[in-house]
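K.L.:
Just to be clear, the model below is a prediction. Sequence and coordinates:
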Amino acid sequence: MANPPDSSAAPREAAHRRLTRRGVLKASAVGGGAVLAAAASGIAIRGASNGAWDQGQTEPYLLWRDGPTAPGLLKLVAAGALAANPHNIQPWSFQVGATSIDLYADPSRAMPLGDQDGRERIAGYGCAIENIVVAARSAAFDPHLVEWPDDDPAHVAHLDVDAGEPASSAESERARAITARHSNRGPYSARAVDPMTLETLAAQGPDGAEVVWVTDQAAMAEIGALYVEATQASVDDLEVSVEAFSWFRNDRQDIERHRDGLTLDCQGLDAFTLFMAKILPAQSRESGDAFWVRTTRVTHTATARAYGIIRVADIRDRHARLAGGRLVQHVHLAATVQHLGMQHMNQVSERIARDAARGQPDRFSRRWESATGVPAGQALLAFRVGYPDRVAKPSPRRPLTEIAREP
């Protein structure tokens, strides 16, 4: 005689089907992370293999800890490799000499659709240069920069590193922020950021660019609406969506293999939601897109306390792009010292460039200038800032052995 059916099996299976990573992330994005329970078998195994208990402690994260102790000029290269860059594609390689560092573009690391005009990638090189300069000065070096020294587009910069004066306390403090700086995509508190604090973030920054701060509530609401619209346009653009998802590292295996890209840990989730997302099945591209739109609307724009616009004379000029990248990195380091959170938000400029490349009508330039006071042709980069509710987590980084060559 057959055993009677287990009357509890169907409810358990139904509960398991209902509890998905998409559901957890959706609940988090709309503020509904109340009670979520996982009863599926194998959770402990998946949690361990996906880094639910030891995020940031494995090899893809070691550069954040060990970079400052690398020998010779490699410590400066490590600083450069920890810089902000679009989608964490890490589009660089370095040649290290006895007293010099050369920065080269890695053509295999690009997002030609999402970053249609390449401005973010070049700005990312500027971020790396700023980190190298800051780290060099803190180590009593005097770096001398030459941009595109032989007019080869792939040879972005040459830095001669000579002996210099001892670092000031401000230079040392900024250098210590290199390993503490992370993009913070979580919610920011209701605490306002004092205008004087904002102004100090760009003080003594590199020349060639400026920061325009937007704190007016009506203007910020307009900017927020543009960001949500631009984010939706990006996920509706299938080619852009597919390209972006190719840089998302869904689990520990992906992170260990690539050591780049965006991860669950860097999405600004609360601890419980992050844990649940890691032990549940990976999300699809479509659910990831939906999560991005929701968090842009209910977290990123809703909790921004100020927006910063990096303004240059002409966004098409590669030297201006480097200068803007250096300045945004300078601001991010200064924000880190001030315990402020910062997140790059370039969806609007990305859509302007993408629509132009496809011969589509310009949906954003006029409204962007109206809201920010900065013409689209001068708005190189943008970001939000505020006091974060959650501590930002590090992103994976490739090791020095992969990105640096010595004679």
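P.N.:
Here it is on my side, so go on.

K.L.:
so where's the protein uncertain?
P.N.:
1-57 (pLDDT under 70).

K.L.:
Report the central residue of this structure.
P.N.:
The chain has residue 183 as the residue nearest its centroid, 5.0 Å off, counting by C-alpha atoms, centre = their mean.

K.L.:
How about the contacts made by that residue?
P.N.:
Counting by C-beta atoms under 8 Å, 6 or more residues apart in numbering, residue 183 makes contact with 84, 266, 342, 343, 344, 392, 395. In this view, the C-beta of every residue, glycine as well, is placed from N, C-alpha and C.

K.L.:
try 6 Å this time
P.N.:
Neighbour list for residue 183: residue 343 [criterion: C-beta atoms under 6 Å, 6 or more residues apart in numbering].

K.L.:
Which helix or which strand is home to it?
P.N.:
Residue 183 belongs to no helix or strand when assigned by DSSP states H and E.

K.L.:
Can you show me the strands along this structure?
P.N.:
Per DSSP state E, the chain carries strands over the ranges 92-96, 100-105, 141-147, 155-163, 210-214, 248-249, 262-263, 306-311, 341-344, 379-386, 404-405.

K.L.:
Show me what the longest one packs onto, helices and strands only.
P.N.:
With contacts defined as 3 or more C-beta pairs under 6 Å, 6 or more residues apart in numbering; DSSP states H and E, the packing partners of strand 155-163 are strand 100-105, helix 119-138, strand 141-147.

K.L.:
Can you check which of the ones you listed gets nearest to residue 253?
P.N.:
helix 119-138 (25.9 Å; C-beta to C-beta).

K.L.:
List the neighbours of the closest one that are in contact with it.
P.N.:
76, 79-80, 83-86, 91-92, 110, 115, 143, 156-157, 161, 167, 171-172, 174-175, 178, 315, 318, 321-322, 324-326, 329-330, 381.

K.L.:
among the residues you listed, which ones are buried?
P.N.:
For the contacts of helix 119-138, a burial check counting by 16 or more other C-beta atoms under 10 Å picks out 76, 79-80, 83-86, 91-92, 110, 115, 143, 156-157, 161, 167, 171, 174-175, 178, 315, 318, 321-322, 324-326, 329-330, 381.

K.L.:
so where do the helices sit in the stretch 201-350 of the chain?
P.N.:
In the stretch 201-350 of the chain, the segments counted as helices under DSSP state H, counting those that start in this stretch are 217-236, 238-245, 252-258, 271-279, 285-295, 318-337, 347-357.

K.L.:
now the ones you listed as a markdown table including distance to residue 209?
P.N.:
Formatted as a markdown table, the helices of the stretch 201-350 of the chain follow (distance: least, C-beta to C-beta, whole Å):
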| stretch | distance to residue 209 |
| --- | --- |
| helix 217-236 | 19 |
| helix 238-245 | 26 |
| helix 252-258 | 31 |
| helix 271-279 | 35 |
| helix 285-295 | 28 |
| helix 318-337 | 4 |
| helix 347-357 | 14 |
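
K.L.:
and those, which is most packed in?
P.N.:
Among the helices of the stretch 201-350 of the chain, the stretch with the highest mean neighbour count (mean count of other C-beta atoms under 10 Å) is helix 318-337, at a mean of 25.

K.L.:
chain center to that helix: distance?
P.N.:
13 Å (C-alpha atoms, centre = their mean, to the nearest Å).

K.L.:
Not counting that helix itself, show me its contacts.
P.N.:
Outside helix 318-337, the residues that touch it by C-beta under 6 Å, 6+ apart are 83-84, 119, 122-123, 126-127, 129-130, 147, 173-174, 177, 180-181, 201-202, 205-206, 208-209, 310, 312-314, 342, 380-381.

K.L.:
Residue 187: which of the helices of the stretch 201-350 of the chain is closest?
P.N.:
The nearest among the helices of the stretch 201-350 of the chain, by C-beta to C-beta, is helix 285-295 at 9.3 Å.

K.L.:
So which other helices or strands are in contact with the closest one?
P.N.:
helix 21-29, helix 217-236.

K.L.:
okay, the angle between the longest one and helix 285-295?
P.N.:
Read it as helix 217-236. 180 degrees (axes from the mean of the first three to the mean of the last three C-alpha atoms, to 10 degrees).
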